[in-house]
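Chemist: here is my input, please return the structure:
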Amino acid sequence: MRSIWNGAISFGLVSIPIKLVNATESHAISFRQIHTEDNGRIRYRKVCEVEDREVSQSEIGKAYEDADGTIVPITDEDLSHLPIPTARTIEIVAFVPADKIDPLQMGAAYYLAASGAPAAKPYTLLREALKRSNKVAIAKFALRGRERLGMLRVVGDAIAMHALLWPDEVRAPEGVAPDVDVTIRDKELDLADALMDTLGEVEMADLHDEYREALEEVIAAKAAGETPPQAPEPAEGGKVLDLMAALENSVRAARESREPTGEAEVRSLPDRRSTPKETGTKKSTSTARKTTAKKAPARKSTSKSTEPAKKSTSTARSSTAKAGTAKASTAKAGVGKKTAAKKTTARKRSA
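Modeler: Got it, this is the predicted structure:
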């Protein structure tokens, strides 16, 4: 990677020679302006207003235009002798927790590469100190004609620097929030939490620019003389005025989209059962289970029909027992009469 700036990190009395390297790159597809009648390129020419002629890049310099229109030329030598310590130095001014940095301030990202073997040890020292402290370094540096604010942090085994906006460059969010009173119910918050839990997390590495990919397909098709792919018609949906209904539908859709793929195999089981070769014994077993299941209600009805029989049987038994008791009492009565008759006969004989 080509360095865009050479200097040093000032870490107290420690100076670390470094090279500044871009940490990000753009994959956006750029277009050229053309003349639609003949596809000729449209170019911008740099013309001097005084001489009314086109000038080359080597003839172009910098200048500051005053309020009254006065032009003040500024050369690269003037900029190199600016009376600031950050002209060629990234000066660390403080170490703060990372959550103290407002993400709104973050800008372009750079890697700081150690410049030469002597810079290896102090570079590693700063990197390990940042790791152990769980803090980031706030620094000042000058780049492209202006002093900037930066944040140094550890990325892998390297030190990265994020350019930061100055605090007064971040606008306050005045007039952005709704200016009407809105009441949010607990049930709505619960559904919002459920939707967040259902969507879950995502691997940032899995995200990609679908617009750029679609644009590349269009360009490839046009270059091959083919018809570019057409976007599918968007589904027509009515306006959902009920926030609760919208949340519930969102949670349901998110859950359906995250169903495990194993369920598809369960749904295909009926097709497999319809093939005798694959199922064989399983089919007969399942058939036997179904037959048994069908017979089960008969057992219940039998048990129900048996209950009255049991009741009648017990009633008959009790009736029989009563009849037996009656016979026994009758027999006792007969024996009593015979005994009484014998006693009477004995008395007559003795008389």
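Chemist: okay, strands next: where are they in the protein?
Modeler: For the chain, the strands defined by DSSP state E occupy 3-11, 14-22, 34-35, 40-41, 47-48, 53-54, 62-65, 71-74, 89-97, 106-114, 135-143, 146-155, 158-164.
Chemist: for D66, the count of nearby residues, please.
Modeler: Neighbourhood size, D66 [other CB atoms under 10 Å]: 9. C-beta here means a position set from N, CA and C on the backbone, and glycine is covered the same way.
Chemist: dihedrals phi and psi, it?
Modeler: Dihedral pair for D66: phi -70, psi 170, per degrees, to the nearest 10.
Chemist: surely it is in contact with P73?
Modeler: No - counting by CB atoms under 8 Å, D66 does not reach P73; the two are 12.0 Å apart.
Chemist: I90 pairs with what?
Modeler: Residues in a beta bridge with I90, per DSSP bridges, are I9.
Chemist: that one against N6, yeah?
Modeler: No - applying CB under 8 Å as the test, I90 and N6 come out as separate, 11.2 Å apart.
Chemist: need the residues touching each of these two.
Modeler: Residues within reach of I90 and of N6 at once, by CB atoms under 8 Å, 6 or more residues apart in numbering, are I18.
Chemist: compare those two (neighbour count), which wins?
Modeler: Neighbours were counted for I90 and for N6 using other CB under 10 Å; I90 has more, 27 against 11.
Chemist: where does the more buried one land on pLDDT?
Modeler: Note on I90: pLDDT of 92.
Chemist: list the contacts for it?
Modeler: So I90 contacts G7, A8, I9, S10, I18, L112, A139, K140, F141, G150, L152, M161 (CB under 8 Å, 6+ apart).
Chemist: also L79?
Modeler: Counting by CB under 8 Å, 6+ apart, L79 touches G145.
Chemist: circling back to that earlier point, now, among the contacts of I90, which is nearest to A253?
Modeler: Nearest to A253 out of those is M161 (CB to CB; 41.9 Å).
Chemist: can you report how many residues lie near that closest one?
Modeler: So M161, with other CB under 10 Å, has 25 neighbours.
Chemist: list the contacts of it.
Modeler: L20, I90, A109, Y110, Y111, L112, A139, F141, G150, M151, L152.
Chemist: so it bridges to which residues?
Modeler: Per DSSP bridges, the residues bridged to M161 are Y110, L152.
Chemist: helices of the protein, start to end?
Modeler: Taking DSSP state H as the criterion, the chain carries its helices at 76-80, 120-133, 186-199, 210-223, 243-257, 263-267, 269-273, 276-279, 281-350.
Chemist: returning to that earlier point: which one of the strands of the chain lies nearest to D186?
Modeler: Taking CB to CB, strand 89-97 is the member of the strands of the chain nearest to D186, at 33.2 Å.
Chemist: angle of that closest one against strand 158-164?
Modeler: If you take axes from the mean of the first three to the mean of the last three CA atoms, to 10 degrees, strand 89-97 sits at 90 degrees to strand 158-164.
Chemist: and the angle for strand 89-97 with strand 14-22?
Modeler: 90 degrees.
Chemist: and strand 89-97, C-alpha only, in CSV?
Modeler: The C-alpha trace of strand 89-97 is given here as CSV (Å, rounded to 0.1, in the frame of the first residue of the first chain):
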residue,chain,number,x,y,z
THR,A,89,3.9,15.1,13.6
ILE,A,90,0.9,13.3,15.0
GLU,A,91,0.9,14.7,18.4
ILE,A,92,-0.9,12.7,21.1
VAL,A,93,-2.6,15.0,23.5
ALA,A,94,-4.7,12.6,25.7
PHE,A,95,-5.9,9.0,26.3
VAL,A,96,-9.6,8.5,26.8
PRO,A,97,-12.1,5.6,26.9
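Chemist: mind listing what's buried along that strand?
Modeler: The neighbour-count check on strand 89-97 (16 or more other CB atoms under 10 Å) flags T89, I90, E91, I92 as buried.
Chemist: in TSV: those, plus distance to A214.
Modeler: Shown next, in TSV, are these (distance: CB to CB, whole Å):
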residue	distance to A214
T89	46
I90	41
E91	46
I92	44
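Chemist: out of those residues, who's nearest A120?
Modeler: I90 (17.3 Å).
Chemist: circling back: can you redo the strands of the chain as TSV with distance to E201?
Modeler: Listed next are the strands of the chain as TSV, based on distance: least, CB to CB, whole Å:
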stretch	distance to E201
strand 3-11	35
strand 14-22	29
strand 34-35	45
strand 40-41	47
strand 47-48	55
strand 53-54	56
strand 62-65	48
strand 71-74	50
strand 89-97	24
strand 106-114	22
strand 135-143	24
strand 146-155	21
strand 158-164	23
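Chemist: so which of those strands is nearest L215?
Modeler: Closest of the strands of the chain to L215 is strand 34-35, at 17.0 Å (criterion: CB to CB).
Chemist: in its sheet, what does that closest one sit against?
Modeler: As defined by DSSP bridges, the strand partners of strand 34-35 come to strand 40-41 (antiparallel).
Chemist: contacts for the strand it pairs with?
Modeler: By CB under 8 Å, 6+ apart, strand 40-41 touches R32, Q33, I34, H35.
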